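*Asks:* okay, sequence plus prediction incoming.
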Amino acid sequence: MLEVLGTTVLTLNVNGEDRKVVAKPSDTLLYTLREELGLTGAKPGCENGDCGACTVLIDDWPIKSCLMLTVEAIGKKILTVEGLKNAPIQKAFVENWGFQCGYCTSGFLMVCHALAQIHPDADDHVIEEWLQSNLCRCTGYEEIENAVKAILKKEV
C-alpha cells in the first residue's frame, strides 16, 4: 500500500504517457492535471461533482476529476480531452453545433466519447441517461445529443 505524506513525486499515465507530478494527499486529479501538468481542458466548475466540466476518462470510464484524488489515479490510464486527438466525437460536435460558450464542452466530449466506445448501439434512453451526468448552462443539449447520434450511426 502506498503511503503519501506531505508532497510526493508520483507517476501518472496521462494520455498514453507516463508523467511525473508532485502531489499532496489532498490534491484532486483536476488540480493536478491543470496545475502540475498544464492540461486545462478539464474545467473547474462546481468542484463537487455536479456539473461534469472536469470529466476525464479513467481506464475508459468517465470520472469527474474534481471528486478523485490524484493518488487514486496511480496505475490507471487517464485520458483527457487533450488526448482525444481528432476522435469522431470532436468532428461531430463541430458539425452539429454541439457547443456554445465551450466551458462544458470538454466534459461532454469525454462522456460522449466513452458512451460511443462502451455502448456503440445506445438507444435514446441510454444516450439521455449518459448525458445527464453533465450540465450545459447554454442549453446545447439537443445539439450534443445530435452529435452523439451522428457518430453512433457511423459506428453501428
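*Replies:* All right, it came through fine.
*Asks:* tell me what the helix or strand hosting Ala147 is packed against?
*Replies:* Using DSSP states H and E, Ala147 maps to helix 141-155. Helices and strands touching helix 141-155, by 3 or more C-beta pairs under 8 Å, 6 or more residues apart in numbering; DSSP states H and E, are helix 88-95, helix 105-118, helix 124-131. Where you see a C-beta, it was placed from the backbone N, CA and C, and this is true even at glycine.
*Asks:* contacting residues for the residue positioned nearest the centre of the chain?
*Replies:* Centroid-nearest residue in the chain: Val56, 2.4 Å away (criterion: C-alpha atoms, centre = their mean). Contacts here follow C-beta atoms under 8 Å, 6 or more residues apart in numbering; on that basis Val56 touches 29, 33, 42, 62-63, 65, 78-81, 110.
*Asks:* out of the helices and strands packed on helix 141-155, the one nearest Thr11 is which?
*Replies:* Each of the helices and strands packed on helix 141-155 has some distance to Thr11 by C-beta to C-beta; the shortest is helix 105-118, at 22.2 Å.
*Asks:* least trustworthy helix or strand in the chain by mean pLDDT?
*Replies:* Least confident helix or strand of the chain, by mean pLDDT, DSSP states H and E, is helix 141-155 with a mean of 89.
*Asks:* measure how that one sits relative to helix 105-118, angle-wise.
*Replies:* Comparing the axes of helix 141-155 and helix 105-118 via axes from the mean of the first three to the mean of the last three C-alpha atoms, to 10 degrees yields an angle of 30 degrees.
*Asks:* outline the domain layout of the protein.
*Replies:* Residue ranges for the domains of the chain, per automatic domain parsing: 8-83, 88-155.
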